[in-house]
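Undergrad: dropping the sequence and predicted coords here.
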Amino acid sequence: MLLRFKKEVLKAARKADKAIINVVANETWAELKILVPYDRYQHPNGVAELRELIEAENPGVMVPPLSMKWMRAVSTIERHYLAGRLPKNAASVIFKVPGKAAAQKLLVEMWVAGNKFHALPYIPDKADTLCGVCGRWGHSEFRCQRGVATCTICADSHRTEEHRCQVATCGKVGKVCPHTEMKCPNCGGRHLAQDARCQAKRAAIEIARGRRNGTAHAETAQPMPPAATCSSGGSAQLNWVPGGEPAETSPDWTEDVMEVTATGMDPSGTAPPIAV
């Protein structure tokens with residue numbers, strides 16, 4: 001509908017950014033993340049430089065200027081960098097690309113400053129995100145560390161979409177039926193994991209809304225393992241933090257630690273492609 005007022009929209013947009021030259025129909029945007037050497041891109045124009053390198057060395061890829069940013073607060077990254085607690089001296093940058101085709105291209109192969117980098121889909125986790133694999137609150141299916149399927153209908157060891165009624169005359173799949181004995185995988189109650197009466201769900205929603213006095217059990221809100229070894233030889237505590245930002249007193253470097261471990265990125269910033 002806004003395209004009917006293209007001239008007016010473009011005029012208003014150019015007041016904010018003179019680089020905008022056109023208004024086109026809405027597209028599906030994909031968000032990705034990469035782990036980069038922080039000391040190389042920590043200067044004020046570092047992210048802009050990184051964006052230009054990505055566009056220059058990956059033909060056909062366009063990264064909107066305002067879509068690229070550090071995944072963590074810069075002040076937090078800087079503090080840990082100076083203290084020597086930044087894993088491999090690297091930090092994650094997130095950015096968007098228009099269209100699934102461009103995203104898939106970068107997931108297969110991505111070059112920055114002559115080095116091959118390993119891009120990953122960026123799926124932000126929140127306390128009220130329900131995993132499609134283990135049925136627990138606090139993370140998405142892509143980030144599930146358990147790897148053990150649990151039904152959100154009956155809590156048995158299968159995915160929810162594979163739940164099947166054992167009554168021959170019914171045989172419903174992936175749905176609740178009159179013969180279903182429901183069991184929540186989070187609190188053990190006789191209801192679905194998504195049931196509004198579930199205390200675990202209520203607690204997850206409370207935490208997601210920023211109310212820290214929720215009654216979420218650590219199992220519900222913290223899907224990650226307790227610790228991981230950093231390149232410095234120490235350990236980084238992997239505590240769940242609502243909203244994806246690390247707390248001042250207990251920083252969460254889960255994603256960066258996991259990426260360094262997974263990709264084996266060397267200090268130069270290169271990261272060999274791996275199967276994930």
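TA: It's in.

Undergrad: quick one: the closest residue to Leu66 other than its chain neighbours from Leu10, how far?
TA: In this structure, Leu66 finds its nearest non-sequential neighbour in Asp17, 8.0 Å apart by CB to CB, 6 or more residues apart in numbering. C-betas here are computed from N, CA, C, even on glycine. Asp17 is 11 Å from Leu10, where distance means CB to CB, to the nearest Å.

Undergrad: also Gly60?
TA: 24 Å.

Undergrad: which of these two has more residues huddled nearby?
TA: Each of Gly60 and Leu10 has its neighbours counted (other CB atoms under 10 Å); Leu10 has more, 13 against 9.

Undergrad: surely the more buried one meets Ile20?
TA: Yes: using CB atoms under 8 Å, Leu10 makes contact with Ile20 at a distance of 7.0 Å.

Undergrad: please enumerate the strands of the stretch 51-200 of the chain.
TA: 69-70, 90-98, 110-112, 115-117, 120-121 (DSSP state E, counting those that start in this stretch).

Undergrad: which of the ones you listed is buried the deepest?
TA: strand 90-98 (a mean of 22; mean count of other CB atoms under 10 Å).

Undergrad: helices and strands around it, which ones?
TA: strand 29-37, helix 38-41, helix 46-57, strand 69-70, helix 254-263 (3 or more CB pairs under 8 Å, 6 or more residues apart in numbering; DSSP states H and E).

Undergrad: and the angle from the third one to strand 29-37?
TA: Read it as helix 46-57. Angle of helix 46-57 versus strand 29-37, following axes from the mean of the first three to the mean of the last three CA atoms, to 10 degrees, is 110 degrees.

Undergrad: tell me the buried residues in helix 46-57?
TA: Gly46, Val47, Leu50, Arg51, Leu53, Ile54 (16 or more other CB atoms under 10 Å).

Undergrad: what's it in contact with?
TA: 36, 40-41, 61-63, 65, 68-70, 93, 95, 110-114 (CB atoms under 8 Å, 6 or more residues apart in numbering).
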